[in-house]
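In: Fold the following, please.
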Amino acid sequence: MPIVLRSVLLAAALSVTGLGLPAAFAQDQEAVTVTVNANMARILRINAPAATVIIGNPAVADVTIQDPQTLILTGRSYGRTNMIILDANGDPIADTVVEVAQLKSDTVTIFSGAQRTSVACAPNCQPVIMLGDDTSYTSNVIASSTLVDGAAAN
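Out: Residues are numbered from 1 along each chain as shown. The predicted structure follows:
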């Protein structure tokens, strides 16, 4: 199938809520990219029922079929991978690039020597866990969060 036809089929099959795909698709299928932030999810609505969704690198992104025409895409770590959507006959509905980016607003990265920590400041700064943070810092943030959750449950 020619690249132009595949791009047109992808544009027709995949419509996205939230940030959305570009309104005008490039002629090259590789130019079609779905972006999601790390540790965030977004809803993808497709025009044909999906039976199978394949993520090239599940360490970068994950997808769940909510219903045959609604997918939930979750960014797991920074990077790029691909997503292939197949119908019940195993025929491709879409094949697109997924880019997982860092949410940049209100996040401050602090370096102390080789140790990196992150805080979210909106409006007051609170510790957050970001990929690449120092592991002892990450462990302390998780332990603190677990204690707070436990106290709230009692």
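In: Direction included, what does the helix or strand harbouring residue 63 pair against?
Out: Using DSSP states H and E, residue 63 sits in strand 61-67. When pairing is defined by DSSP bridges, strand 61-67 lines up against strand 70-75 (antiparallel).
In: Pull out the buried positions in the strand it pairs with.
Out: Within strand 70-75, the residues scored as buried using 16 or more other Cβ atoms under 10 Å are 71, 73-75. (Glycine included, C-beta is placed from N, CA and C.)
In: Lowest pLDDT pick from the residues you listed?
Out: Of all those, residue 75 carries the smallest pLDDT score, 94.
In: CA atoms only for the helix or strand harbouring residue 81, dumped as PDB, please.
Out: Using DSSP H and E, residue 81 maps to strand 79-86. Taking Å, rounded to 0.1, in the frame of the first residue of the first chain, the C-alpha atoms of strand 79-86 are listed here in PDB:
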ATOM      1  CA  GLY A  79      11.200   8.400  24.400                       C
ATOM      2  CA  ARG A  80       9.600   7.300  21.200                       C
ATOM      3  CA  THR A  81       8.000   4.000  20.200                       C
ATOM      4  CA  ASN A  82       5.300   2.900  17.800                       C
ATOM      5  CA  MET A  83       1.700   1.900  18.200                       C
ATOM      6  CA  ILE A  84       0.000  -0.600  15.800                       C
ATOM      7  CA  ILE A  85      -3.800  -1.000  16.000                       C
ATOM      8  CA  LEU A  86      -5.400  -4.100  14.400                       C
END
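In: What strands flank that strand, and is each parallel or antiparallel?
Out: Strand 79-86 is paired, per DSSP bridges, with strand 52-55 (antiparallel), strand 92-101 (antiparallel).
In: which parts of the last one are buried?
Out: Judged by neighbour count using 16+ other Cβ under 10 Å, the buried positions of strand 92-101 are 92-100.
In: Adding distance to residue 33, write the buried residues of strand 70-75 out as TSV.
Out: Listed next are these as TSV, based on distance: Cβ to Cβ, whole Å:
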residue	distance to residue 33
71	16
73	12
74	16
75	13
